[in-house]
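# Pasted the sequence and its predicted model underneath.
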Amino acid sequence: MIDTVELAAKTPDQPQPWGELGLKQDEYQRIRDILGRRPTNAELAMYSVMWSEHCSYKSSKVHLRQFGEKAPQSDALLVGIGQNAGVVDIGHGYAVTFKIESHNHPSYVEPYQGAATGVGGIVRDILAMGARPVAVMDSLRFGPLDADDTHRVLPGVVAGVGGYGNCLGLPNIGGEVVFDPSYAANPLVNALCVGVMKHEDIHLANATGVGNKVVLFGARTGGDGIGGASILASESFDDSKPSKRPAVQVGDPFMEKVLIECCLELFEAQVVEAIQDLGAAGISCATSELASNGDGGMYVQLEKVLLRDPSLTPGEIMMSESQERMMGIVTPENLDAFLAITTRWDVETAVIGEVTGTGRLIIDWHGETIADVDPRTVAHDGPVYERPYARPDWQDSLQADGPGELPRPGTGDELRGTLLRLLASPNLASKAWITDQYDRYVLGNTVLAQPEDAGVLRIDESTGLGVAIATDGNGRYAKLDPYTGAQLALAEAYRNVATTGATPLAVTDGLNFGSPEDPAVMWQFAEAIRGLADGCQALGTPVTGGNVSLYNQTGDAAILPTAIVGVLGVLDDVARRTPQGFREPGQVIYLLGETRDEFGGSEWAWAEHGHLGGRPPSVDLAAERELAEILVNASRDGLIDAAHDLSDGGLAVALVESVLRHGVGARVWVPDGLDPFVFLFSESQARAIVAVPRSEEVRFTDMCSARRFAHQRIGVVDDGGVLDLQGQFSVPVDDLRTAHESTLSSAFDA
Amino acid sequence: MARVVVDVMLKSEILDPQGKAVQGAFGRLGFDGIASVRQGKRFEIELDGEATPEAIAEIERAAATLLANPVIEDFTVHVEAGV
C-alpha cells in the first residue's frame, strides 16, 4: 500500500517512525506544521535525511555564518560557500576548486568501503562544479597505534583511500596521519579533492528553465546506505544497536571514472545546464537542492528511477545513498545529444522529471502523488539550533597544568635519546608505510608529494603554473585552547604551502567534533570557528567551503576538537618550487623566526610524558604572513634550495627530515643564549629552516634584515652522513632513518 | 574427516561491481538471457574429525571473523555429503 499525499490527508493519526529516522518530536511536529498534514512516508524520509545534522548543519549553522561575515576581500574567489565546492582564480584563465569532506562514521563501521566512498563522494563534488579532478589528499586520525581496533581500522581505511584513488587514476599528494586515544572507536577520515577548469567552464548546481528535463545517470539505485545520512552520521555509536550496520555503501571506482569522463564531455558539449552529485541523502538531497537553488519547482516520476533492487519502496529510493550517481538538468532540445553521450560511455540514464515554476517539489509514484513539498523547507529551512555552549569547568585546570614541571633532558646523551625516541613515536614517525600505498605520480603532474610539506601540482604545462595544497589540524592544541588551536591549524597549513614557494590563496575546513548536545563540545566548536574565521581574515585567505562532522564520540568521551584546515596556494612556475630535503654540501642552514620555550600540547610532552596541559604555542599571524612572503620571494628569486616548516617535534624533527630526504649530513650549532632542549624541541610557530647556497647568502640575509624578520645561521649541510649537533651529540643518518622509518612497518607488517 | 563448505556472498542490497562486470562481459560475448550476476566466494574446509555441532559452530565463528565481512557479506555453512 503506497502512502500518498491524498491518503496522508485522510489519516492524520497514523503512527510514523520519526524517532527511528532520527527526528526529534518537535522536528516531526514542525514538518506537520509546514505541510498542514502528516507527511507521507516518502516525505518523512526526505525530511529526516535532509534535516539530519549531517545534511542540515542545524547545530553548526549559527556559527558557520562567521566565515561569510568575516571573509577577507579576495579577488581570487570566484565561487564561495554554498555550492558543491568553492572555486579560486589562479590566473591564466584557470580556476581551481577544492574541498575537504569527512566520512568518519562509515569508515569505522566498514573501513575499506567507508574510506573509499569518502574519496568517491568528494571527487563527485568537484566534478559537479565542471572541473576535472586532478588530485586527492587525505587527513586521517586513529586510536593508539598499539590498539587492536586501530589494527582493524587503519589498514582498511588506507587500502580504501588508496584503492579508490588509484583506480580513478588520481594522485594522492598529501595529508596527515595522527594517532590519539580519543580517536579509538572514532577514527577521522577526511578526504580532499582538487579539480581544475577554465573560468568559463564553472557550473553551478541550480535547476533553472521551466520545462527542462531532470535526468538521473550513472549507477543504478540500490538499497545501500539507506538512512546512512540520518542514522550513521547523526547519532553516537551505541553497542546495543547492531541493526545500524548494514547502512553501508559500496563504491565502484571504475564506474566513477567513466562518470567523470562522461560528465566532462557533457559539459564540453554544452548539453547540460547543471549537474549535481548524489551523496548523502541521495535523490532527496539532489532534487530539493537543485529545485530550491533554481526556479523553485520540480516534478519527478519516481518509478522512472532505474533500480538495482526492484523491491525498494519509494521512501527507500528517496533515501538511498548508492554511489556513482549524478543528476543533470537538460533542455529538451539538448536531450538527444545528452543521451547520445551517456550511451556512448555506457552510462545508464533515465529522464525522471522536469523543472517547473510551481515552487513545489512534487513526486509521483505510478501516477499517485507521494510527496508535495516546498523544496526550500527540505533543503534550506531546516531546523536551526542555538545550542547552549559553555566553557567547560576543566578548561582552567587543564591550562594551569603546564609542561613546566616535566623533567627535561639536559646532557647531550639525553637529548640524543629524546630525539631518537621522538622520531620513532607514532605521530612523528615516517608515514611512508601508508603513503607508499597511494599512487602519487599518476597523471604526470605531481611536482611534490608526501613527505614534502605540501603537495604541489603542475596545472599548465606551457607556463608551469601550479598549485600547492596542505592540510593540518592539531587536536591537542585545540583541546588546550580551541580558538588558538584552530588558528594554529590554519597557520601550519598556510606555512606549509608557503614553504614550497606558493602564495596561499584560500581555505577549506573539515571540522570534526563531539556531540553538539554537550555544551563543552559546542563551546569548543564555537571557539574554533571564531578562531578560524578571525585567522582567515588576518591572513587574507577566505574559507571557500568545507564540512562539519559532529557526534564524533563514543559514550561520553568526545574526540579531541579537530579542525582540519586545507590551504591552497598558487605557484607561477612549479620549476621554482622549494623542496624539503637538503642536497648540496656546503649550503648554509638558517632558522627563520623566534624560538620560545613553548611545550604546551607539544609532541615531546605527549610522547615522552603522556602529558597534555598548559597553553598551546602562541599564534602570530602577522609573523606567519611575513615568513610566507620571505619563503615565496626566496623561492622566486632562487635564494634558497630547500625549506621545511617547523611544527610537531620542533627544529630537531625538521632537521632530521630534511637530512634524511637525500641522505646527506649536517653540522648544527646551538645559537648563543638558547637552551639546547628548547632550541631542538620547542614548537614555537612562524618558523622554518632553509638551506641557502653560499652565493646567495648575502642577498637572503639582506632580505630578512630588511623585513626585520628573525634569522639565525645555525648550521651547514655536509656529506658526512651524520647529524652533528656541535657540543651536544651526533647521530649517524642511518640510525635516524631506522628510528624514523621502522615504527609503522613493524606495527602493521606482522 | 568431514568437509565443510562456507559460501560467502555480498548482501543482496550491496552493490557487486565484479558481478556487474561479469554480466556486462556475458552480453558482449553473446551469451543472452542473463538477467543478473552476483559473485561470491566458496571455502572448502577439511576437518580433523567429524562434523559435530560443536565443530560446525566453531567454523561459523571462524567464518564470521575471517572469511566473511559481516558488515557487507552473508555466509552459509554446510557439510558436504559423501566425502
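Looks like it arrived, so ask away.
# Let me know the secondary structure of A:Val88.
Here A:Val88 is strand, with the state taken from DSSP: H, G, I helix; E, B strand; the rest coil.
# which stretch of helix or strand covers the nearest residue to it once chain neighbours are set aside?
Spatial nearest neighbour of A:Val88, chain neighbours left out: A:Ala506 (4.6 Å); criterion: CB to CB, 6 or more residues apart in numbering or on different chains. For glycine as for every other residue, the C-beta is placed from the backbone atoms N, C-alpha and C. Using DSSP states H and E, A:Ala506 sits within strand A:503-512.
# what pairs with the residue nearest to A:Val88 across the strands?
Assessed by DSSP bridges, A:Ala506 has beta-bridge partners A:Leu568.
# pull the CA atoms of the helix or strand that the strand holding A:Ala506 is followed by into CSV?
Reading on from strand A:503-512 to the C-terminus, the next helix or strand found by DSSP H and E is helix A:519-539. C-alpha atoms of helix A:519-539 as CSV (Å, rounded to 0.1, in the frame of the first residue of the first chain):
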residue,chain,number,x,y,z
PRO,A,519,27.8,22.4,25.9
ALA,A,520,31.5,21.9,26.4
VAL,A,521,31.9,20.4,22.9
MET,A,522,29.7,23.2,21.5
TRP,A,523,31.9,25.7,23.1
GLN,A,524,35.0,24.1,21.5
PHE,A,525,33.2,24.2,18.2
ALA,A,526,32.1,27.8,18.5
GLU,A,527,35.6,28.9,19.6
ALA,A,528,37.3,27.0,16.8
ILE,A,529,35.1,28.6,14.2
ARG,A,530,35.7,32.1,15.7
GLY,A,531,39.4,31.5,15.7
LEU,A,532,39.4,30.1,12.2
ALA,A,533,37.3,33.0,10.8
ASP,A,534,39.4,35.6,12.5
GLY,A,535,42.6,33.9,11.3
CYS,A,536,41.4,33.7,7.7
GLN,A,537,40.5,37.4,7.9
ALA,A,538,44.0,38.2,9.2
LEU,A,539,45.8,36.1,6.6
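# Report the buried residues of helix A:519-539.
Within helix A:519-539, the residues that count as buried by 16 or more other CB atoms under 10 Å in any protein chain shown are A:520-539.
# filter the residues you listed down to the ones close to chain B.
When CB under 8 Å from any CB of the partner chain is applied, no member of the buried residues of helix A:519-539 is adjacent to chain B.
# And for the spatially closest residue to A:Gln553 that is not a sequence neighbour, the neighbour number?
Of all residues not flanking A:Gln553 in the chain, A:Gly514 sits nearest, at 4.1 Å (CB to CB, 6+ apart). Counted by other CB atoms under 10 Å in any protein chain shown, the residues lying close to A:Gly514 total 26.
# wait, what's in contact with A:Gly514?
By CB atoms under 8 Å, 6 or more residues apart in numbering or on different chains, A:Gly514 lies in contact with A:521, A:524, A:550-553, A:557-559, A:561.
# how near is it to chain B?
Remark: distance between A:Gly514 and chain B (CB to the nearest CB, to the nearest Å) = 24 Å.
# contacting residues around the helix or strand containing A:Gly715?
Per DSSP H and E: A:Gly715 is located in strand A:711-718. With CB under 8 Å, 6+ apart as the test, strand A:711-718 has contacts from A:582-592, A:655, A:664-671, A:689, A:691, A:701, A:704-705.
# make it 7 Å
When contacts are defined by CB atoms under 7 Å, 6 or more residues apart in numbering or on different chains, strand A:711-718 is touched by residues A:582, A:584-592, A:664-669, A:671, A:691, A:701, A:704.
# Narrow those residues to those in helices?
Mapping the contacts of strand A:711-718 onto helices (DSSP state H) picks out A:701, A:704.
# which residue sits closest to A:Lys741, ignoring its sequence neighbours?
Careful, residue A:741 is Glu and not Lys. A:Ser430 (4.5 Å).
# for the closest residue to chain A within chain B, what are its contacts?
Distances between chain B and chain A by CB to the nearest CB are smallest at B:Glu13, namely 3.2 Å. Contacts for B:Glu13 (CB under 7 Å, 6+ apart) come out as A:222-224, A:246, A:309.
# and which of those residues is nearest to chain B?
Chain B lies nearest to A:Gly223 out of the contacts of B:Glu13, by CB to the nearest CB, at 3.2 Å.
# And that closest one, how far from B:Ser12?
8 Å (CB to CB, to the nearest Å).
# now do A:Ala274
Separation of A:Ala274 from B:Ser12 (CB to CB): 34 Å.
# Give me the more crowded residue out of the two.
Set A:Ala274 next to B:Ser12 and count neighbours by other CB under 10 Å: A:Ala274 wins out with 22 against 13.
# A:Leu312 touches A:Gly223, doesn't it?
Yes - A:Leu312 is within contact range of A:Gly223, at 5.9 Å (criterion: CB atoms under 7 Å).
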